[in-house]
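A.B. asks: A predicted structure for the sequence below; I have some questions about it.
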Amino acid sequence: MARAAEWGGQADGGAYAFNAFEAQEEYQRSGAADPARATTRYARAPMCNMSTGGGTEMGDADDAFGEGDSDGDGRIACGPSNTTVPVPVCVDGPPVLPLWRQTRAEFTDPWPAEWTLALGYSCPEDAVPTMSAADFRRLPLAAPVLRLQPDRGWVLVNKETVVMTDPAEQTLRTDLLGYGVDVVATPASYRYDFGDGSADLVTTSPGHAWPDHDTYHFYERLGTVQVTLTTTWKGRYRVDGTTVWRDINGTATTSTTSAPFTVEERRSRLVDDLCTDIPKPDDC
């Protein structure tokens, strides 16, 4: 499926280079203004591809795919040597006509003869607000549960301490510029800080329990430590009234830290009785 950005030019110099949502908002604001006092106005009409000059010119919105000036407005549809630019195939309805712009210095000045292209063809599903990385980071993402194995308040020095977490997606509901939005956040990577000054473990695996473990750490010194898990999330969103999911350009993070536990050394020795006896023998 073609995206709007593939189907049209924007103004040179970027003075009013809109995306589809911004273009529609500006078009609606312009239509609500007093035309007698406006210094900027917009119109939607086909975009013609000038075969001789390689540029673009404005076609006729009322006769988009025919020929001649059927409505007498002075603009004709794209002709044989000025063919209509191919339009995108859209998901949520027919394509939206390009947006054209005229400006004048003062409202008392006459409008110029030419229109300038502000945005080419777009799709209805493109005319929605964009969720930024900052918007994504403001969502109340829950940190996944950090699990340690063994989980008993102490681990053995120079033995594997296994870490793992839950890779489940999170579905959230939010509001963006007045539009309802569904958001799905997916864990992209995990960073474990083992609290002993060693290098962090960065992985895309959520980890597995022993004996299938693939995320673990060897503590080399005795002491009290905590493990901190920082999860990086990627996201996608869908605006109400559309069927298209869009990737969010950016990531969010969550962090969780374990309770303190000790790294200990345990030595084996011979005892007179079983340590499972009750009462437990003194030499256990």
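C.D. replies: Arrived safely. Numbering: from 1, shown residues only.
A.B. asks: going by C-alpha atoms from here, please, whenever you check contacts or count neighbours.
C.D. replies: Fine.
A.B. asks: in the stretch 101-250 of the chain, which spans are helices?
C.D. replies: Ranges of helices in the stretch 101-250 of the chain, per DSSP state H, counting those that start in this stretch, are 133-137.
A.B. asks: show me the shaky parts of it.
C.D. replies: The stretch 101-250 of the chain contains no residues with pLDDT under 70.
A.B. asks: wait, residue 196 sits on residue 225?
C.D. replies: Yes - between residue 196 and residue 225 a contact is recorded at 6.6 Å, counting by CA atoms under 8 Å.
A.B. asks: from residue 179, how far off is residue 28?
C.D. replies: Look at residue 28 and residue 179: by CA to CA, to the nearest Å, they are 16 Å apart.
A.B. asks: contacting residues around the residue nearest to residue 259 when sequence neighbours are not counted?
C.D. replies: Distances taken as CA to CA, 6 or more residues apart in numbering put residue 226 closest to residue 259, at 6.2 Å, once the chain neighbours are dropped. When contacts are counted by CA atoms under 8 Å, 6 or more residues apart in numbering, residue 226 touches 194, 195, 257, 258, 259, 260, 261.
A.B. asks: redo that, cut-off 10 Å
C.D. replies: Taking CA atoms under 10 Å, 6 or more residues apart in numbering, we find residue 226 in contact with 193, 194, 195, 196, 257, 258, 259, 260, 261, 262.
A.B. asks: show me the contacts for the residue most central in space within the chain.
C.D. replies: Per CA atoms, centre = their mean, the C-alpha nearest to the average position across the chain is that of residue 248, at 0.4 Å. Under the criterion of CA under 10 Å, 6+ apart, the contact list for residue 248 reads 130-133, 135-136, 183-185, 234-237.
A.B. asks: verify the stated contact: residue 230 with residue 253.
C.D. replies: Yes - contact between residue 230 and residue 253 holds when scored by CA atoms under 10 Å: they sit 6.6 Å apart.
A.B. asks: shared neighbours of these two, anything?
C.D. replies: Common neighbours of residue 230 and residue 253 (CA under 10 Å, 6+ apart) are 143, 189, 190.
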